[in-house]
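Novice: here is my input; please provide its structure:
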Amino acid sequence: MARSFIDLFSGAGGLSEGLVNAGFQGLYANEIKETYANTYAKNHVDTFVEAKDIRDVDAKSVMKHLGIKKGQLDLLAGGPPCQGFSINAPVRSTNDKRNHLFKEYLRFVKEMSPKIVLIENVPGLVSFERGATLQAILDSLGNLGYGADVRILGAAYFGVPQMRWRTIILGIRGKDLPATAYPKPTHHAILKANFTASFNGKNILQQPSCAFGSSFITVKQAIGDLPPLKNGEKGIPVKDYECDAQCSYQKRMRIGTQGVYNHEAPRLSKINIERLQYIKPGGNWSDIPYELLPNGMQKARKSDHTKRYGRVDPNGLASTILTKCDPHWGAFFHYNQDRSFTVREAARIQSFPDHYVFGGSQADQFAQVGNAVPPILAEAIGKSILPMLEVMD
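Specialist: Presented below is the predicted three-dimensional model:
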C-alpha cells in the first residue's frame, strides 16, 4: 500500500511528482497561486488540491475531509516561499512576511502529528540571520517531538542535469533521525558551492564518494531529442520527437506521454539574435563584441557574470533553471539552435517528465518550472524516507 503524504506550498508539484514516483500517494496539496494549483491538479488527478492562502486553512478540517486522524499521516512535506531566505534576494530581512510562513507549516505538524516531516528550501536558509531561522525551525520540531536534522543536496548528484542545490530538513516523530535518512548521491559532478555549507560547526553538504556513482547527466542527454525550433516559433501544441530516445534519461522522460507539450520558443529581440551569433557552446557574454554588449556590461570584467548570455555546453550541466529563462540572467541559449530555452526544455532540465503539462501563460509556465523541486531529487529523498516509515509501523 502506498504511503500517504500532504504537500504544503506545493507550487506546480515537482516535490509531489518525485514522492509519487518513490511510492507515496498524495492526499492533499495547498498552493496559493491558482495557476500553479491548476497545473498541480491536472497532473495529480487523485489529489485534493486547494488554491487558498495557507493562513486561512484549518488543519483539522483538512483531516476531517480526508478521513484521517492525528498521527496517521505518513509524511507532511512542504516548501515555504524561499525568496526571503535566498542568498540572491536583494534584501534578506526578518521583516519579509514570507520568512515566517514556515510557522504555518509547523502549525500543520502540531495538528496532524505526521510520522515524518520534510521541509525544503534554498541553501541561503542556512546562513540567513546567521543560522537563527534554521535553528528556530529545528528547535520547533524538537519541541513538537521530532528528531530533526538538515542537509544541502546537489540535484546533479542524483541525476538532474543542472547545478541546483536545495536545503532539506527531515524530522521523525519520537525518535532521533537515523544517519541513513538522507539519500546517498548516485552521480559524479564538479559543483561549486557559492553558499555557506556548515551549520553548528558541521559540514551539511551531502557529496558523492569518489569511488561510486555514474557521471552526471548532460544537457544534450536531457534535451537532445526534442524537436528543433526557430526563434519565436510556436508550431502545433503537441509535437513529435526529433528522433528515437538516445539515452536512458530521454527514455525515462518519455514514459506515459503522447508527444512534446509546452515546447514553443520565446521570441528574442533582434539585438539578442545578433549577440547570439558570436557565442560558442559553453561561452557567454564575454564572446560578444564590445559594441553589442548592454551598456551595464560594457564595464564588467571578463571574470564577472560568467553565466549571463551563456550558450549552454551540450556536454556539461545546465546552470540553475530560474523562474525566467532570460539570457540576461543565465546560460539559457540553446547549444546549437539560435534561440533560448522553451518551457519543455527547462522542465526536462528540472527532470519533469514529458507527460507533465504546465498551464497558464508562457511566463507562468516558466515560473512554475523554475520554482519547483526537481522530481528526480524529490524521488531520491522519498525513497530514503520509506525505510524509516517501515520501522515505525
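
Novice: farthest from the middle of this structure: give me that residue.
Specialist: Within the chain, the residue lying farthest from the chain centre (Cα atoms, centre = their mean) is residue 291, at 36.8 Å.

Novice: am I right that that residue is in a helix?
Specialist: Yes: Residue 291: assigned to a helix according to DSSP: H, G, I helix; E, B strand; the rest coil.

Novice: where exactly do the strands run in this protein?
Specialist: For the chain, the strands defined by DSSP state E occupy 3-8, 24-30, 48-50, 75-78, 116-121, 146-154, 165-173, 187-188, 198-199, 202-203, 205-206, 214-215.

Novice: how many neighbours does residue 255 have?
Specialist: The number of residues packed near residue 255 is 9, by other Cβ atoms under 10 Å. To be clear about C-beta, it is placed using only N, CA and C from the backbone, and glycine gets the same treatment.

Novice: what's the neighbour count on residue 195?
Specialist: Count around residue 195 with other Cβ under 10 Å applied: 18.

Novice: ok, back up a step: looking at the strands of the chain, spot the one closest to residue 274.
Specialist: Closest approach to residue 274 among the strands of the chain is made by strand 165-173 (34.2 Å; Cβ to Cβ).

Novice: can I get the closest one in CSV? Just the C-alpha atoms.
Specialist: The C-alpha trace of strand 165-173 is given here as CSV (Å, rounded to 0.1, in the frame of the first residue of the first chain):
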residue,chain,number,x,y,z
TRP,A,165,21.0,23.0,-4.6
ARG,A,166,18.3,22.5,-2.0
THR,A,167,18.3,22.6,1.7
ILE,A,168,16.4,19.6,3.1
ILE,A,169,15.1,19.4,6.7
LEU,A,170,13.9,15.9,7.8
GLY,A,171,12.3,15.0,11.1
ILE,A,172,11.0,11.8,12.5
ARG,A,173,8.4,11.6,15.3
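
Novice: how about low-confidence regions in this protein?
Specialist: By pLDDT under 70, the weakly predicted segments of the chain are 81-100, 210-213.

Novice: ok, longest helix in the protein?
Specialist: helix 375-390 (DSSP state H).

Novice: may I see the strands of the chain organised as TSV, with distance to residue 245 and mean neighbour count added?
Specialist: TSV is the format used below for those (distance: least, Cβ to Cβ, whole Å; neighbours: other Cβ atoms under 10 Å):
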stretch	distance to residue 245	mean neighbour count
strand 3-8	30	25
strand 24-30	27	23
strand 48-50	31	19
strand 75-78	31	26
strand 116-121	30	24
strand 146-154	26	22
strand 165-173	28	23
strand 187-188	19	18
strand 198-199	41	17
strand 202-203	38	10
strand 205-206	30	18
strand 214-215	17	10
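
Novice: can you redo these as CSV with distance to residue 102?
Specialist: Formatted as CSV, the strands of the chain follow (distance: least, Cβ to Cβ, whole Å):
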stretch, distance to residue 102
strand 3-8, 10
strand 24-30, 14
strand 48-50, 19
strand 75-78, 9
strand 116-121, 7
strand 146-154, 13
strand 165-173, 9
strand 187-188, 30
strand 198-199, 16
strand 202-203, 21
strand 205-206, 21
strand 214-215, 35
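
Novice: and of the ones you listed, who's closest to residue 179?
Specialist: That would be strand 146-154 among these, by Cβ to Cβ, at 9.3 Å.

Novice: send me the closest one as CSV with only the CA atoms.
Specialist: This file holds the C-alpha atoms of strand 146-154, laid out as CSV (Å, rounded to 0.1, in the frame of the first residue of the first chain):
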residue,chain,number,x,y,z
TYR,A,146,10.6,15.3,16.3
GLY,A,147,14.3,14.3,15.9
ALA,A,148,15.4,16.6,13.0
ASP,A,149,18.4,17.4,11.0
VAL,A,150,19.4,19.3,7.9
ARG,A,151,21.5,18.7,4.7
ILE,A,152,22.2,20.5,1.5
LEU,A,153,21.7,18.3,-1.5
GLY,A,154,23.0,18.9,-5.0
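
Novice: before we move on, back to that, distance of the residue farthest from the centre of the chain from residue 275?
Specialist: Distance, residue 291 to residue 275, by Cβ to Cβ, to the nearest Å: 11 Å.

Novice: tell me the contacts of residue 214?
Specialist: Applying Cβ atoms under 8 Å, 6 or more residues apart in numbering, we find residue 214 in contact with 159, 186-188.

Novice: from residue 332, how far off is residue 272?
Specialist: For residue 272 relative to residue 332 (Cβ to Cβ), the value is 11 Å.

Novice: same question, residue 201
Specialist: Residue 201 is 38 Å from residue 332, by Cβ to Cβ.

Novice: residues near the residue nearest to residue 275 when sequence neighbours are not counted, how many?
Specialist: Distances taken as Cβ to Cβ, 6 or more residues apart in numbering place residue 288 nearest to residue 275, at 4.8 Å, with adjacent residues excluded. Each residue near residue 288 was counted by other Cβ under 10 Å, and the total is 21.

Novice: again with residue 244
Specialist: 9.

Novice: and it, how far from residue 251?
Specialist: 9 Å.

Novice: can you show me the helices along the stretch 201-350 of the chain?
Specialist: With helices called from DSSP state H, counting those that start in this stretch, the stretch 201-350 of the chain shows them at 219-223, 248-254, 270-276, 343-350.

Novice: and among those helices, the most buried is which?
Specialist: helix 343-350 (a mean of 28; mean count of other Cβ atoms under 10 Å).

Novice: circling back to that earlier point, show residues contacting the longest helix of the chain.
Specialist: 3, 14-19, 21-24, 74-75, 115-116, 118, 153, 155, 158-160, 164, 166, 168, 170, 172, 178, 180-183, 186, 350-353.

Novice: check contacts around the closest residue to residue 75 other than its chain neighbours.
Specialist: Distances taken as Cβ to Cβ, 6+ apart place residue 5 nearest to residue 75, at 3.9 Å, with adjacent residues excluded. Contacts here follow Cβ under 8 Å, 6+ apart; on that basis residue 5 touches 16, 19, 24-27, 73-77.
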